[in-house]
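**Student:** the sequence isn't on hand, but the structure is:
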């Protein structure tokens, strides 16, 4: 069985999507449509902008979404998933590629998500850190004993967990986790505490938009971040998407569940190679690679 996976924030690079725009009519059509929907020329920032331009949340999230979704559209008949999943933001890309959500609605939601998250980040100084070399349970237990806001945010793979919270909480947690034997505790250069209770204002804001958007049954199940379970019911998809901003990304569990359910080939659709690397790290027998455009 074949799984298609879609990357999240952090996979962006200057020039992303330019080759698609210049060589494929459907890509040009969708990029031009995106410029109108967003109200600014995201193509200029993606193709000719700076790293700093692309690091703006309002640009980063729609840029990665567009690259992934348009690439999936170009694949046409080669896009034959038995299951899909996306890491954080990538879940929206997966849902559009999966035909559970229209391109226009998906881009609109991603744009609103980015704006809401940016506003939540500005309300309170917050950040994230990557913890390497400790069991998840050890990290969880240590975080429970910290009075500041700090929680697990991304379960990326066994021994690799990203935590999220207030700046004070992250600083305390990094020290305690190093003392507990973490190989590394690396503060990340991010705008705020994604997938933590500090994103509650963004969750409330985005929930209104998600509730009023039409979702359909996709062409195959989507393994959602909040539960790591395969879902095809539109109402459950909506509920999980609303919860996603304040809940952890259970990517480790998603990978294990996809493999247990028969995935033997994993195709990463979008910029970067992080997700396929995580699958290979988890199971060496998995065939994992980036999507290739048919000639």
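**Tutor:** Sure, I can see it. As the structure is a prediction and not an experimental result, all values here were calculated from the model.
**Student:** starting at the chain centroid, how far to stretch 127-137?
**Tutor:** 18 Å (CA atoms, centre = their mean, to the nearest Å).
**Student:** what does stretch 77-91 give?
**Tutor:** Using CA atoms, centre = their mean, the offset of stretch 77-91 from its chain centre is 11 Å.
**Student:** all helices of the protein, in order?
**Tutor:** 18-23, 25-38, 42-48, 51-55, 57-75, 90-97, 103-123, 136-144, 167-179, 200-211, 234-244, 251-260, 274-282 (DSSP state H).
**Student:** I'd like the average pLDDT over the shortest one.
**Tutor:** Regarding helix 51-55, the rounded mean pLDDT is 86.
**Student:** may I ask which helix or strand of the chain has the lowest mean pLDDT?
**Tutor:** helix 51-55 (a mean of 86; mean pLDDT, DSSP states H and E).
**Student:** can you name every helix or strand that that helix contacts?
**Tutor:** helix 42-48, helix 57-75 (3 or more CB pairs under 8 Å, 6 or more residues apart in numbering; DSSP states H and E). To be clear about C-beta, it is placed using only N, CA and C from the backbone, and glycine gets the same treatment.
**Student:** walk me through the domains of the protein.
**Tutor:** For the chain, automatic domain parsing gives the domain ranges 2-122+197-290, 124-187.
**Student:** how about a markdown table for these, with mean neighbour count added?
**Tutor:** Below are the domains of the chain laid out as a markdown table (neighbours: other CB atoms under 10 Å):
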| stretch | mean neighbour count |
| --- | --- |
| domain 2-122+197-290 | 20 |
| domain 124-187 | 18 |
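**Student:** where does the stretch 51-200 of the chain have low pLDDT?
**Tutor:** By pLDDT under 70, the stretch 51-200 of the chain contains no weakly predicted segment.
**Student:** could you redo the last one with a cut-off of 90?
**Tutor:** Where the stretch 51-200 of the chain drops to pLDDT under 90, the residues are 51-58, 76-78, 121-125, 187-192.
**Student:** touching, residue 57 and residue 114? I think so.
**Tutor:** Yes: using CB atoms under 8 Å, residue 57 makes contact with residue 114 at a distance of 4.9 Å.
**Student:** residue 92 contacts residue 103, correct?
**Tutor:** No: contact between residue 92 and residue 103 fails when scored by CB under 8 Å: they sit 10.7 Å apart.
**Student:** ok, now how distant is the residue lying farthest from the centre of the chain from residue 146?
**Tutor:** No residue in the chain sits farther from the centre than residue 179, which is 30.3 Å out by CA atoms, centre = their mean. According to CB to CB, to the nearest Å, residue 179 stands 13 Å off from residue 146.
**Student:** hang on, the earlier thing: which one of the helices of the chain lies nearest to residue 161?
**Tutor:** The closest of the helices of the chain to residue 161 is helix 136-144. By CB to CB, the value is 5.3 Å.
**Student:** can you list contacts of the closest one?
**Tutor:** 131, 150-152, 155, 158, 161, 163, 173, 176-177, 180-182, 252 (CB atoms under 8 Å, 6 or more residues apart in numbering).
**Student:** one more pass at 10 Å, please.
**Tutor:** Applying CB atoms under 10 Å, 6 or more residues apart in numbering, the contact partners of helix 136-144 are 131, 134-135, 149-152, 155, 158-163, 165, 169, 172-173, 176-177, 179-182, 185, 252-253.
**Student:** just stretch 44-54 next, same as before
**Tutor:** 12-19, 21-22, 31, 34-35, 41-43, 55-56, 58-60, 62-64, 66-67.
**Student:** now residue 69: closest residue in space that isn't a chain neighbour?
**Tutor:** residue 96 (4.9 Å; CB to CB, 6 or more residues apart in numbering).
**Student:** separation between the one you found and residue 57?
**Tutor:** From residue 96 to residue 57 the distance is 19 Å (CB to CB).
**Student:** isn't residue 176 right next to residue 182, touching?
**Tutor:** Yes: using CB atoms under 10 Å, residue 176 is in contact with residue 182, at 9.1 Å.
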